[in-house]
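Q: Turn this into a structure:
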Amino acid sequence: MDDKTKRLMNKLSDEVFEYGKNDCFTFTNALVKSFHGKDYLKLHAGYKSKKQADEYIKRFGGIEALTTGTLGYSVSPEKCIDGDVVIAEVSPGQVALGFVSNKNGLFKTKTRAINIPLKKCLRGWRIK
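A: Below is the predicted model of the structure:
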């Protein structure tokens with residue numbers, strides 16, 4: 001992992017959770033952009049509240065379907081490497097998008113950023 005992405009990871013992890021600005025998608029997208037130079041924000045921008053985010057995700061069939069529509073077919077999360085994207089259940093009934101770093105998914109939650117081992121993640125997407 002390059003120093004620029006590590007610094008951004010630490011900065012965003014410490015910032016307050018806010019829908020549309022520093023939530024699981026915008027957090028993950030910023031890290032993917034730093035690591036790979038790929039920006040998916042314009043494809044999914046426009047929500048500013050939990051209600052709007054939930055409606056958007058539901059309209060596209062859930063986070064897994066939405067991510068597959070954006071990044072292509074998923075893989076076992078254990079096949080992911082640094083810079084890839086995963087989803088995991090971050091709290092009971094709450095699935096979130098995260099960024100792969102050091103064999104973990106890093107997820108922005110409402111209270112903090114958490115690491116979840118890849119073997120406990122649900123699906124993964126290789127960023128090429």
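
Q: Would you mind listing the outside residues contacting the lowest-mean-pLDDT helix or strand in the chain?
A: None of the helices or strands of the chain scores lower by mean pLDDT, DSSP states H and E than helix 41-44, at a mean of 90. Outside helix 41-44, the residues that touch it by CB atoms under 8 Å, 6 or more residues apart in numbering are 25, 26, 29, 33, 56, 66, 70. C-beta coordinates here come from the backbone N, C-alpha and C atoms, glycine included.

Q: Please enumerate residues in contact with the one helix or strand the last one maps to?
A: Residue 70 is part of helix 63-71, with elements assigned from DSSP states H and E. Residues outside helix 63-71 that contact it (CB under 8 Å, 6+ apart): 40, 43-44, 57, 60, 74, 85, 87, 95-97, 122-123, 125, 127.

Q: and the least confident of these?
A: Within the contacts of helix 63-71, residue 44 has the lowest pLDDT, namely 87.

Q: chain center to stretch 91-107: distance?
A: Centre-to-centre, stretch 91-107 and its host chain are 7 Å apart (CA atoms, centre = their mean, to the nearest Å).

Q: Same question for stretch 108-118.
A: 10 Å.

Q: for stretch 116-128, same thing?
A: Counting by CA atoms, centre = their mean, stretch 116-128 comes out at 10 Å from the chain centroid.

Q: Just the C-alpha atoms of that stretch, please, in PDB.
A: Only the C-alpha atoms of stretch 116-128 are listed here, as PDB (Å, rounded to 0.1, in the frame of the first residue of the first chain):
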ATOM      1  CA  ILE A 116     -12.900  -7.400   9.200                       C
ATOM      2  CA  PRO A 117     -10.800 -10.400   8.100                       C
ATOM      3  CA  LEU A 118     -11.400 -11.300   4.500                       C
ATOM      4  CA  LYS A 119     -12.600 -14.800   5.500                       C
ATOM      5  CA  LYS A 120     -15.500 -13.200   7.300                       C
ATOM      6  CA  CYS A 121     -16.500 -10.900   4.400                       C
ATOM      7  CA  LEU A 122     -19.400 -11.900   2.200                       C
ATOM      8  CA  ARG A 123     -18.200 -11.200  -1.300                       C
ATOM      9  CA  GLY A 124     -15.300  -9.400  -3.000                       C
ATOM     10  CA  TRP A 125     -14.600  -7.600  -6.300                       C
ATOM     11  CA  ARG A 126     -11.200  -7.400  -8.000                       C
ATOM     12  CA  ILE A 127     -10.400  -3.900  -9.200                       C
ATOM     13  CA  LYS A 128      -8.500  -4.100 -12.500                       C
END
